[in-house]
Each structure stands twice: as C-alpha cells, then as structure tokens.
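J.: Got a sequence here, can you build the structure:
(one chain, ligands or ions: 1)
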Amino acid sequence: MANPSRPVSGFEKLDLSPEMLRSLRRAGYAEPTPVQAGVIPAALDGDDVVGQAQTGTGKTAAFVIPMLELLDVDTKYPEPQAMILVPTRELAMQVHDEFEKLAHGSSLTCAAIYGGTPIRRQIERLRKGANAIVGTPGRVIDHISRRTLKLHDIDMVVLDEADRMLDIGFRPDIEKILRACPEDRQTLLLSATVPPPIEKIARKYMRNPQRLEFSPQKIAASSIDQYYFTVDQDKKFELLDKLIEREKPKQAIIFCRTKRGTDRIYEKLSKKYDKVGVIHGDLPQPVRNRAMSELRDGKIRLLVATDVVGRGIDVSTVSHIVNFDIPQYCDDYIHRVGRTGRMGADGVAYTFVLPDEGEELTRIEMRIDTLLKPAAMPEMDLVAPTARAVEIELDPESLREMEEKKAVQARLGRGRTGRRKRGL
Ligand code: AMP
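T.: Okay, the predicted model is just below:
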C-alpha cells in the first residue's frame, strides 16, 4: 500500500498542493508526461497557453491539474469558474471522468453538458452548482441562451482538441462563447495541429500565449509500427478478414469514412467474429456510451468506427488500428493512429490505400514526417491485374505518364504511383 505522505517525485517539482499529490498517487500517475511538465507550470503562472498535443499524451490531466489547483474550494453553490470546450460527447465524458478522478477527496465538481441527451437533466445539474463545466459548444450555447449557464465567474477556459472543433464547424459557437466570458480570464488551447484558423483564434482571444509543442507526429511514430496496403476497393474486406486472422489483435479499431460503410463492415464482421462493436454519429448516445465502455472493459475486441467519434477514444489496450478507408484529412490520421500505442505502449497501424490514393498517402507521410512501410498479404492478389491492363490499354497518355513515374520511382527506390520520398 502506498504511503500518501511520501512525495510524488516528478510531480513534486511542479509545486502542486499536497492534496493534488495525494490524488495523483491514487490515480497511479507517478511522473508527469512531457505535456504535463510543460503545460502545468505555465498554467499555474496564469499564462495563456497554446499547446500542440494529441490525445494519449496525458493532455487532459495537463489542464485539469492546474484547473483544480486554481478553483475556489470554498464556494458553496457556485457558478462555474472554469469551462472546457470539447468537440464530442465522448471526449466530454472522458474529461469529466478525469476531473472527478483527480478531484477525489475535494469538494470540487464538474458538470458535463453535451448534446444528444435530454437538456432537462443538465439544467437540474447546473442548478445545483458546479465549479467547472465541460461541454460541446452547441449545447453550451443552448444553456447560455436559456440562462441556465452563466459565465460571469469564468476564470479559465480550455479549448480541447481545438482543431477538431473547428473541423466540425464549431468556430462561430466557440467565438460566441469566448466573447461571453470575462476578458481577464485565462485561456488554454490544446490542439494536435495549429493551422491558421487556430492561430487566428489565439491572436484574437488569447493574451500573449506561450507556445508549447509536443510534436504529436513524433509521439505517434515513436511506439507505433505504421504500414500500408495498396488494395482494390472490392478486396478490402477480404484483406481485413485475413489481417485479423493473421494478427489476432488483442483489440482493434477499424476506421471507415462513412456511417453506412461502418455499418456494413460491422455487419460482415459480426457474422464471423465475436465481440464486434460499432460506433458512429447516427447511433443514439446510450448505444455509443455502451460501446465505449464495452471497449474499455474488453467486451468488444473489434470496434468499427467513424472519425468524429473515433477521436478522443481513450483505451490503452487497443493494439491495432486499421484504416479501412484512408482518412480524408491528414490530421485524422494522427488522431486515428493516436488511439493505439498510448502512453508509450506498442501498437500497429495498417492503412488500406486504393491504387489511385497515392497522393493522399504521401500527404499523410509528409504531415507525420514518417514513411509508412509497405505491407504484404502473400496469399492475396490485392490489386486486380486486369484493372491495370485495361487502364494502360485504353489510355496511352496515362501509360506514358506511368512509365515516367516508374522511372522516377526506380530512382527514388519506391514502388508505387503517386508517392514521393522526401529529402531526396
Ligand atoms: P489523455 O491524453 O488525456 O487522453 O490521457 C491518456 C491516458 O493517460 C489516460 O488514460 C490518463 O488517465 C493517463 N495519464 C495521464 N497522465 C498520466 C501520468 N502522468 N501517468 C500515467 N498515466 C497518465
């Protein structure tokens, strides 16, 4: 049994309260992760922070710890002093759980307010008072306009997975919310990437933010073996099936681009395998919650998912990621693959690439600054030779182009259309 009075070495250096050190020990966090070591001191100093970090790096605790240290414990029926905006309900629940875990032993509370569930219960919850709230922007706006949420006491705002919130189209809501908060608040922004629209928000709504980068691409690359298969669309399922047979993943998430595609793969997999689950935005919230907790408990071994809900899934036991469809956005690749190899554990990711998706793959490789390794499934013919022959026969222009590309690739030592090797 751990002695609660013994100092927690790495966290002690961060000048945290004895209560916080106790609760970190209880959570089993012995050492701060790099994101925590960077963000916590800056946040405790009252600085605004733009932190480039992806899920799986301990980023939630990186803002929850300073938030708990700064919140006012004595307020009895408080208006919230801290607000965390997140892109999805799943993430809202995870952040809420992390808050509760680290607030253990204190009276500080956090209310989660997100769409897809009845608003009434949330109104009741807010009426009781909460020191902090975590919510999705749409539902937060809803509560503000109903006057069930008041922001005049807000001292700290966290924008978590800011790039994703912008992707989903939450930008106007976020700006509206930020404008409704007191101007002298502190703002922390966490994002896997910092594209220009995020820079704009930082410039407009933050005060001289400290920029901290935790190089997500390096983190993703460090403990994860990343492979690709070039495969025809109609061979993808067979390849997936053979891959599952060969690799026998402890737990895998299979990402698809569309909800319908996700359902289709789920149905086909369920016919052959046990412990298959599905999660996408059209499923009712309780069903999604159940799938998430079953994944966490190991009751689901193969989860078929779309990107929006795939984000923020925090399960350290996921051993395999399969991108059944290549992600549409490079950053989705980082988020998808970030589901495995969490906290330094080993993981493997396979991306299925159609013969004409070479450019997409190259873009991803450039983004993560890592080349994916080609994978093989020797007993399968992944790309139909007839399709290639017809293409060549029908179109002499593309034949010439292919010959030229082949010559370039031979020089680069690469063997597939549309790929370039950087640094040559
Ligand atoms: P996050 O990046 O916030 O999604 O965190 C990923 C996982 O790491 C979560 O399960 C956390 O509970 C866990 N975690 C966060 N900080 C630490 C730490 N310092 N030591 C060990 N585990 C941690």
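J.: List the buried residues of stretch 277-289.
T.: Neighbour-count burial for stretch 277-289 flags 277, 278, 279, 280, 283, 288, 289 (criterion: 16 or more other C-beta atoms under 10 Å). Just so you know, the C-beta spots here come from the backbone N, C-alpha and C atoms, and that holds for glycine as well.
J.: Give me the subset of those lying in strands.
T.: Counted as lying in strands by DSSP state E, out of the buried residues of stretch 277-289, are 277, 278, 279.
J.: Just the pLDDT for the last one.
T.: At residue 279 the predicted local confidence, pLDDT, stands at 91.
J.: Quick check: bridge partners of residue 253?
T.: Taking DSSP bridges, one finds residue 303, residue 321 as the beta-bridge partners of residue 253.
J.: since we're on it, how many residues are nearby?
T.: By other C-beta atoms under 10 Å, 27 other residues sit near residue 253.
J.: Tell me the spacing between it and residue 334.
T.: Distance, residue 253 to residue 334, by C-beta to C-beta, to the nearest Å: 14 Å.
J.: now do residue 229
T.: Distance, residue 229 to residue 334, by C-beta to C-beta: 20 Å.
J.: tell me the average confidence for stretch 212-223?
T.: Rounded mean pLDDT across stretch 212-223 is 61.
J.: scratch that, stretch 136-149
T.: Mean pLDDT, computed over stretch 136-149, is 96.
J.: Do a quick rundown of the helices in the stretch 251-400 of the chain.
T.: Here the stretch 251-400 of the chain has its helices, by DSSP state H, counting those that start in this stretch, at 259-272, 285-296, 307-310, 330-337, 358-368, 385-394, 396-412.
J.: in the stretch 251-400 of the chain, which ranges drop under the pLDDT threshold?
T.: By pLDDT under 70, the weakly predicted segments of the stretch 251-400 of the chain are 308-316, 331, 339-345, 386-400.
J.: try it again with 90
T.: For the stretch 251-400 of the chain, the stretches flagged by pLDDT under 90 are 280-293, 295-297, 306-319, 327-347, 358-360, 362-372, 379, 381, 383-400.
J.: How about residue 161: what's its closest non-neighbour residue?
T.: Distances taken as C-beta to C-beta, 6 or more residues apart in numbering place residue 87 nearest to residue 161, at 5.2 Å, with adjacent residues excluded.
J.: correct me, but the one you found touches residue 165?
T.: Yes. Under the criterion of C-beta atoms under 8 Å, residue 87 makes contact with residue 165 at 4.5 Å.
J.: quick one: stretch 350-364 to chain centroid distance?
T.: Offset of stretch 350-364 from its chain centre (C-alpha atoms, centre = their mean, to the nearest Å): 21 Å.
J.: Revised request: answer the last question for stretch 374-387.
T.: Taking C-alpha atoms, centre = their mean, the mean C-alpha location of stretch 374-387 is offset from the chain mean by 32 Å.
J.: Check which residues of it are buried.
T.: In stretch 374-387, counting by 16+ other C-beta under 10 Å, buried: 375, 382, 383.
J.: Now do it: everything it contacts.
T.: 227-232, 235, 238-239, 242-243, 246, 350, 355, 415-416 (C-beta atoms under 8 Å, 6 or more residues apart in numbering).
J.: hmm, back to that, and for residue 87 and residue 165, which residues touch both?
T.: Counting by C-beta under 8 Å, 6+ apart, residue 87 and residue 165 have no contacts in common.
J.: Show me the contact partners of the host helix or strand of residue 197.
T.: Assigned by DSSP states H and E, residue 197 falls within helix 196-205. The contact list for helix 196-205 (C-beta under 8 Å, 6+ apart) reads 50, 159, 162-163, 166, 171, 174-175, 178, 187, 189, 191, 194, 209.
J.: And stretch 284-294, by the same measure?
T.: For stretch 284-294, using C-beta under 8 Å, 6+ apart, the contacting residues are 89-90, 93, 116-117, 277-279, 283, 300, 303, 309, 313.
J.: Many thanks, we can stop here.
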